[in-house]
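S.K.: Sequence isn't available, so here's the structure alone:
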């Protein structure tokens, strides 16, 4: 049912509404970009071992983009704020483009069919946890402040290593888009958390802890492929964790919380890695 007072929430100066407009001015055409980059980098010299390893790592990205597309569509429906709806709608458009462009990259550059794009069971469980979250705060926290920071860390690392030149240039556009998506969580989630009871806040924290563990599982299963690409699993994970903590701190500031949320995240991840991987993390 449409809310007759919804139009009253319109605010042309809304920061979240501005996020939508920034997104619209920075739209890029995935197929045009890939065609241009193919001409720019005609010789790529990617070994078969690296091609297969890169395919497995990027499979996580493809599934992640698809999950983000579904989640942002849900957010655009569930968020009540006018500007928030616009920001989520812009994100859904971005994620759809990211998804089909990466599928085209698989087909045209890696020469791997879309049917071969698989993801580990652990990673799928983690992504499904976000997509199927039973309330708005969990969706925002899971996608904007947990999944997106890890994805950005993967993008930055692949660019720094220059694993494949077309991908190096392509991911610059992905990174630019994803930074706006994190802003939606940082700016909108505090208001939603303020509506929760303490019992619901505790439930949210436990849910976050479970998702952190699934993220560790999903990344760890790729450690051998990451090594082939010259990437250390632990270094990559720590970069993602730092971005998650930075986003969580900013959110806590919006809430006015004097709560060591960064220590909580660090404790969960460190203890889990020590227990699961038999002291692999010293």
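M.R.: Thanks, I have it. Since we're looking at a predicted model, the values are computed, not measured.
S.K.: drop to CA atoms for contacts and neighbour counts, all remaining ones
M.R.: OK.
S.K.: What backbone torsions are found at residue 175?
M.R.: Torsion angles at residue 175 (phi, psi; degrees, to the nearest 10) stand at phi -60, psi -40.
S.K.: doesn't residue 153 make contact with it?
M.R.: No: at 9.1 Å, residue 175 does not count as touching residue 153 under the criterion of CA atoms under 8 Å.
S.K.: The two: which is more packed in?
M.R.: residue 153 (21 against 17; other CA atoms under 10 Å).
S.K.: Could you check what's spatially nearest to residue 20, not counting adjacent residues?
M.R.: Distances taken as CA to CA, 6 or more residues apart in numbering put residue 87 closest to residue 20, at 4.6 Å, once the chain neighbours are dropped.
S.K.: What is the neighbour count of the one you found?
M.R.: Residues near residue 87, counting by other CA under 10 Å, number 28.
S.K.: cool, residue 45 as well?
M.R.: Residue 45 has 10 neighbours, counted by other CA under 10 Å.
S.K.: swap in residue 130?
M.R.: Using other CA under 10 Å, residue 130 has 25 neighbouring residues.
S.K.: repeat for residue 47
M.R.: The burial count assigned to residue 47 is 9, neighbours taken as other CA under 10 Å.
S.K.: And it, how close does it get to residue 109?
M.R.: Going from residue 47 to residue 109 by CA to CA, to the nearest Å gives 13 Å.
S.K.: Not including adjacent chain positions, what is the nearest residue to residue 126?
M.R.: Nearest non-adjacent residue to residue 126, counting by CA to CA, 6+ apart: residue 214, 5.1 Å away.
S.K.: Which strand or helix spans that neighbour?
M.R.: helix 198-220 (DSSP states H and E).
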